[in-house]
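>>> quick one: sequence and predicted model below, then my questions.
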Amino acid sequence: MEMYTPEVLISEEEIALRISELGRAITNDYENEELVVICVLKGAFMFCSDLIKKINRPVRLEFISLSSYGDGTNSSGNVRLEMDITANIEGKHVLVIEDIVDTGLTIKTLLNMLALRKPSSVKLASLLFKPAKLKHRVDINYLGFEIEDKFVIGFGLDYAGRYRELPYIGVLNAGN
Ligand code: 5GP
């Protein structure tokens, strides 16, 4: 398989610095409360793993998997639950960790679904936000970076299942 090096949009160092800041903010906001962290697979796995190391509070880690994109770069417009969390979140403080908010459909669907389970609070951390195509208003409590309307890969984000392992956020260049 040929090697392809995407253009760097956000470097490894910038990401690490921002994640430390977000971790400090989360630590301050939750005092000594236990947090149920819900990592939205697969894209948020790297962000989640780095972020929880910077949260100095008791954390219970859960995973959920949703799909809205197929193998291309455009949203399919509907969201499917592929794998649910195992914990009961009733009465718990929940922090959802997402990779990117684009149209907002995925996260809005997830937040609505979680609200039905009566958690005591739900907040959202997202590594990236692309305001250009936002259709569903969502409050991102902890945002890494706002970016332009470009298809990005790396640091957990894929294109057709590839590039998740890149330590930085890159731009997929259609010419390559
Ligand atoms: P939304 O439902 O907000 O339109 O899309 C959210 C999901 O679409 C994200 O969780 C992510 O999986 C995918 N997505 C949106 N924009 C991008 C992008 O620029 N790059 C990658 N790799 N995935 C994206």
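It's in. Numbering: from 1, shown residues only.

>>> in this structure, which helix has the most residues?
The residue-count maximum for a helix in the chain (DSSP state H) belongs to helix 12-30.

>>> how about the CA coordinates for the helix or strand following it, as CSV?
Where DSSP states H and E defines the elements, the next helix or strand beyond helix 12-30 is strand 35-41. Taking Å, rounded to 0.1, in the frame of the first residue of the first chain, the C-alpha atoms of strand 35-41 are listed here in CSV:
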residue,chain,number,x,y,z
LEU,A,35,-18.0,11.3,35.9
VAL,A,36,-19.3,8.8,33.4
VAL,A,37,-17.2,9.5,30.3
ILE,A,38,-18.8,8.2,27.1
CYS,A,39,-16.3,7.9,24.3
VAL,A,40,-17.9,8.0,20.8
LEU,A,41,-16.2,5.3,18.7
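
>>> gap between strand 35-41 and the chain center?
9 Å (Cα atoms, centre = their mean, to the nearest Å).

>>> tell me if it is near the ligand.
No. If you take Cβ under 6 Å from any ligand atom as the test, strand 35-41 misses the ligand, and the best it gets is 6.5 Å. All C-beta atoms are positioned from the backbone trio N, CA, C, and that covers glycine.

>>> residues from the protein in reach of the ligand?
43, 68-69, 75, 98-107, 151-153, 157-159.

>>> OK, contacts around residue 24?
Contact analysis of residue 24 by Cβ atoms under 8 Å, 6 or more residues apart in numbering lists residue 54.

>>> derive a ChimeraX selection command for the buried subset of the residues of the chain next to the ligand.
Buried members of these, identified by 16 or more other Cβ atoms under 10 Å, are gathered into one ChimeraX selection as follows:
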select :43,68,69,75,98,99,100,101,102,103,104,105,106,107,152,153,157,158,159
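
>>> now do the strand ranked longest in the chain against strand 35-41, angle only.
As assigned by DSSP state E, the longest strand anywhere in the chain is strand 59-69. Strand 59-69 and strand 35-41 are oriented at 30 degrees to each other (axes from the mean of the first three to the mean of the last three Cα atoms, to 10 degrees).

>>> and strand 59-69 with helix 12-30, angle?
Using the same axes, to 10 degrees: strand 59-69 against helix 12-30 is 120 degrees.
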